[in-house]
Each structure stands twice: as C-alpha cells, then as structure tokens.
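# what follows is a protein structure lacking sequence information:
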C-alpha cells in the first residue's frame with residue numbers, strides 16, 4: 001500500500017496546479033487540527049516554504065509530490081476523490097478545446113465538402129467516445145452540432161446519424177412523449193424524416209415505432225372482429241383495417 005501511495009503521488013502530482021497543492025495542504029492542516037508544524041512535518045517541508053507560496057508563481061514538483069503523498073497517507077479516500085474530480089475537470093477542458101478546434105476547422109468559410117465530412121466524423125466520434133463527459137458541455141456541444149448540420153445542408157453533404165447514446169437520459173425522458181405522439185400520427189412512413197424534424201436519432205424513432213406496433217398487435221390479436229390500428233411504422237395506411245378471428249377455445253384441452 002505504501003508503494004501504491006508513492007506511485008500515485010509520483011504519477012499525478014504533475015497534474016496539480018499551485019491552487020490544488022495549497023488546497024490539499026490546507027485540508028491536511030485541518031486534519032492535523034490546525035497545527036501547521038505537524039502538517040509540515042508530515043510533508044517533510046519547512047514552515048517557511050508555506051509562507052513563500054503566496055509570492056511564488058508556481059510550486060516545485062518535488063513539493064507537490066511530498067504534499068500529495070502526505071495527504072494520501074492521512075486520508076486516502078478524500079485525496080483520491082479530489083484527484084478524480086481534478087482529473088475530470090482537466091479532461092473536460094481538453095475535450096472542449098479539441099471539439100472547438102474541430103468545429104472551427106469545419107466552419108471555415110471556404111472548405112472542401114469531403115474534408116468537412118472527415119472533420120465532422122471526428123467530431124461525432126469524439127462525442128461518442130467521451131459521451132459521459134460530453135454532458136458536462138451539453139449546451140456548447142448542442143450549439144456546435146446544430147451549426148455543423150446546418151453547414152452540411154449548405155454544402156449538400158450527408159452527415160452520419162447521431163448515436164442514441166449521446167443523448168442524456170434526462171433529456172431522453174423529456175423528448176420521449178413527443179416522439180411517441182408524433183410516431184403514432186406520422187403518415188409518411190419515413191423514420192429518417194420524422195427523426196430529422198424532431199431533432200432525434202433515427203434509431204430512437206425506429207425503436208419507438210417498433211415498440212408501439214408490437215404492443216398494439218399483441219393487444220389486438222386476442223380480440224375478435226375488426227380493429228382499427230393507428231399507423232405507427234412502415235408503409236401502413238393511417239386507416240388500415242386488420243381482420244382477426246376469435247382465438248380458439250382451449251379451455252377443455254387440459255381436462256382429465
């Protein structure tokens with residue numbers, strides 16, 4: 001375990017900013033009941049070092065490692081959680097920078113349509129690869145995605161369908177009632193067109209259509225006579241009438 005702590009301190013200390021290190025040391029000092037000397041002793045640094053931090057532009061890497069290691073040894077859970085949070089912030093920042101770069105490349109005034117398509121594919125792949133972190137940039141990414149698709153129309157380029165896993169679950173719950181409502185009333189039989197008008201992936205429309213159709217057909221197979229099924233998918237007419245016969249009476253088949 002000691003070797004593991006040393007490894008974590010060695011590997012992740014370079015990621016810490018000056019403010020991160022000061023925050024960790026202040027947490028350590030609180031864990032030492034406010035005793036500055038004790039906190040410094042655990043880190044293996046002098047009290048004077050902490051006074052110099054206010055004037056310094058940065059903190060030496062060797063000092064970062066000492067403080068991080070001391071904090072891990074004192075409160076492992078709290079420190080690992082801090083590193084996770086900080087790493088996430090750094091990754092989200094890098095992700096935003098990369099997506100912004102791709103976006104700016106794709107939105108250049110003069111651009112070859114095929115190059116535009118390659119850039120957008122990278123943009124969409126990045127969204128899919130980091131879908132959990134993309135939600136941290138939801139508004140920013142939604143605006144870029146909308147503008148890219150508008151640019152694609154101007155360039156007359158067909159873009160790849162947006163994967164369903166990039167939709168946040170809370171947003172999915174918000175749009176699902178609208179999708180269900182529109183699917184049961186759509187008369188075009190074109191999932192792609194309906195998906196485009198709703199601004200959702202085609203797969204979502206197809207799944208909802210299939211679920212509604214299966215539910216209705218299962219329900220009505222046990223009913224006798226004629227039933228009117230609402231149009232839900234494929235090329236069915238909105239007023240399709242399907243004949244069903246009464247189910248056979250099997251009540252006596254198992255009698256002894």
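Structure received. Here the structure is a predicted model, which is why all the values come from computation and not from measurement.
# in the protein, what residue spans correspond to strands?
Here the chain has its strands, by DSSP state E, at 225-228, 241-244.
# which of these has the lowest mean pLDDT?
Ranked by mean pLDDT, the strands of the chain end with strand 241-244 in last place, scoring a mean of 37.
# what's the single longest helix in the protein?
If each helix of the chain is counted by residues according to DSSP state H, the longest one is helix 76-106.
# for it, packing partners?
If you count contacts as 3 or more CB pairs under 8 Å, 6 or more residues apart in numbering; DSSP states H and E, helix 76-106 packs onto helix 2-12, helix 18-31, helix 61-74, helix 113-129, helix 131-134, helix 138-155. C-beta here means a position set from N, CA and C on the backbone, and glycine is covered the same way.
# can you say which of these is nearest to residue 107?
Taking CB to CB as the criterion, helix 138-155 is the member of the helices and strands packed on helix 76-106 that comes nearest to residue 107, at 6.2 Å.
# how about residue 199, phi and psi?
phi 70, psi 40 (degrees, to the nearest 10).
# contacts only, for it.
Shown here is residue 199, which makes no contacts under the criterion CB atoms under 8 Å, 6 or more residues apart in numbering.
# ok, residue 46 touching residue 40?
Yes: under the criterion of CB atoms under 8 Å, residue 46 makes contact with residue 40 at 6.4 Å.
# which one of those two has more residues nearby?
residue 40 (22 against 12; other CB atoms under 10 Å).
# give me the number of residues near the spatially closest residue to the more buried one that is not a sequence neighbour?
Leaving out its chain neighbours, the residue that sits closest to residue 40 by CB to CB, 6 or more residues apart in numbering is residue 47, at 5.4 Å. Other residues near residue 47 come to 11 when the count uses other CB under 10 Å.
# also residue 185?
12.
# so what's residue 68 up against?
For residue 68, the contacting residues are 8, 9, 12, 13, 16, 21, 24, 79, by CB under 8 Å, 6+ apart.
# any chance of these in CSV, with pLDDT, distance to residue 72 and neighbour count too?
As requested, the contacts of residue 68 are exported to CSV (pLDDT from 0 to 100; distance: CB to CB, whole Å; neighbours: other CB atoms under 10 Å):
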residue, pLDDT, distance to residue 72, neighbour count
8, 87, 6, 18
9, 87, 6, 20
12, 92, 10, 18
13, 93, 10, 22
16, 93, 12, 21
21, 95, 13, 22
24, 96, 10, 24
79, 94, 5, 23
